[in-house]
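Engineer: coordinates only, sequence not included:
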């Protein structure tokens, strides 16, 4: 079933020079719409970097075309999560002149796109600094996560300095008003930021230092990046204001689970 079943995509300016586009994404045979997203960052040059990709209906494409001069100003497209793949070939068919940078899994599996490079390469991660900074979680598998059906945590995390916005897919999740089931299953509270459920049992390497590496990476991210907003792929998706503090609170709540994981795999508490 197509990921695009209704005209729900709309560009939203999150902060100066950063737009987020929500789109439907259906699972369980089309029964549940978990949503997805992509973003557009305007560089000081006037060109745009597209972060991830979604299927565009006619109205959404018209909005993207107005923003980017019919795609002429899209300089590059960054794949972020190894398992967000379905929209890249349709997006490339619409905007073939941009440079496309894939995760290692994108590059292995999608041969119709002439990839310009891998987002796992240090030179690609740094190519838009200081306007855009990009990092990949430490302690977790990014190249070839297993099992493929569920281990979707690790992905490129993007910080746009001018709009004070952090962009990611499945690493983090925004909860504005979580339902009772979500609250019971994950401990989510209103206006909070949590982590993909696979982090607690699949995403991290089963080694003594993986949890410590990830926790240190998270502390550095919160310390180094002065973001106020966050855009994630699924669920409520967007938090305007207060995202940095909410992520720190989420990390504090996660710490006991990371301690348990570390001890269970031969390490010490964080």
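Structural biologist: Happy to help now that I have it. On a predicted model such as this, the values are computed, not experimentally measured, just so you know. Residues are numbered from 1 along each chain as shown.

Engineer: which residues in the stretch 51-200 of the chain form helices?
Structural biologist: 58-68, 88-94, 104-109, 122-125, 180-186 (DSSP state H, counting those that start in this stretch).

Engineer: Of all the ones you listed, which one comes closest to residue 15?
Structural biologist: helix 58-68 (14.8 Å; Cβ to Cβ). Quick note: C-beta positions are derived from backbone N, CA and C, even for glycine.

Engineer: and the closest one, what's its mean pLDDT?
Structural biologist: Across helix 58-68, the average pLDDT comes to 96.

Engineer: for the helices of the stretch 51-200 of the chain, which one sits closest to residue 194?
Structural biologist: Here helix 180-186 is closest among the helices of the stretch 51-200 of the chain (Cβ to Cβ), at 5.8 Å.

Engineer: all strands of the stretch 51-200 of the chain, in order?
Structural biologist: 74-78, 99-102, 117-118, 132-135, 157-160, 165-167, 172-175, 192-195 (DSSP state E, counting those that start in this stretch).

Engineer: okay, those, which one's buried deepest?
Structural biologist: strand 165-167 (a mean of 28; mean count of other Cβ atoms under 10 Å).

Engineer: Of all the helices of the stretch 51-200 of the chain, which one comes closest to residue 220?
Structural biologist: helix 122-125 (14.4 Å).

Engineer: now for that closest one, which elements pack on it?
Structural biologist: strand 117-118, strand 132-135 (3 or more Cβ pairs under 8 Å, 6 or more residues apart in numbering; DSSP states H and E).

Engineer: Export the ones you listed as a markdown table, with columns for mean pLDDT.
Structural biologist: Converted to a markdown table, the helices and strands packed on helix 122-125 look like this (pLDDT from 0 to 100):
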| stretch | mean pLDDT |
| --- | --- |
| strand 117-118 | 98 |
| strand 132-135 | 98 |
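
Engineer: And the ones you listed: which comes nearest residue 167?
Structural biologist: strand 132-135 (9.3 Å).

Engineer: Mind listing residues that contact that closest one?
Structural biologist: For strand 132-135, the external contacting residues (Cβ atoms under 8 Å, 6 or more residues apart in numbering) are 41, 43, 49, 78, 119, 124-126, 128, 156-161, 217, 221, 225.

Engineer: Repeat the analysis, applying 10 Å as the threshold.
Structural biologist: Applying Cβ atoms under 10 Å, 6 or more residues apart in numbering, the contact partners of strand 132-135 are 18, 41, 43, 49, 51, 78, 80, 101, 119, 124-128, 156-162, 166-168, 217, 220-221, 224-225.

Engineer: between the helices of the stretch 51-200 of the chain, which gets nearest to residue 173?
Structural biologist: helix 180-186 (8.7 Å).

Engineer: list the buried ones in stretch 132-147?
Structural biologist: With burial defined by 16 or more other Cβ atoms under 10 Å, the residues of stretch 132-147 counted as buried are 132, 133, 134, 135, 136, 137, 138, 139, 140, 141, 142, 145.

Engineer: Quick one: distance of that stretch to the chain centre.
Structural biologist: Stretch 132-147 sits 11 Å away from the centroid of its parent chain (Cα atoms, centre = their mean, to the nearest Å).

Engineer: how about low-confidence regions in the stretch 101-250 of the chain?
Structural biologist: Filtered on pLDDT under 70, the stretch 101-250 of the chain yields the residue ranges 177-188, 190, 235.

Engineer: I'd say residue 98 and residue 92 touch.
Structural biologist: Yes - between residue 98 and residue 92 there is a contact at 8.2 Å, judged by Cβ atoms under 10 Å.

Engineer: who has more neighbours, those two?
Structural biologist: residue 98 (22 against 18; other Cβ atoms under 10 Å).

Engineer: residue contacts, the closest residue in space to that one that isn't next to it in sequence?
Structural biologist: Spatially, and ignoring its direct neighbours in sequence, residue 98 is nearest to residue 74 (4.5 Å; Cβ to Cβ, 6 or more residues apart in numbering). Counting by Cβ under 10 Å, 6+ apart, residue 74 touches 40, 47-50, 64, 67-68, 91, 94-95, 97-99.

Engineer: just these now: which is nearest residue 151?
Structural biologist: Of those, the one sitting nearest to residue 151 (Cβ to Cβ) turns out to be residue 91, at 24.5 Å.

Engineer: Thank you kindly, that will do.
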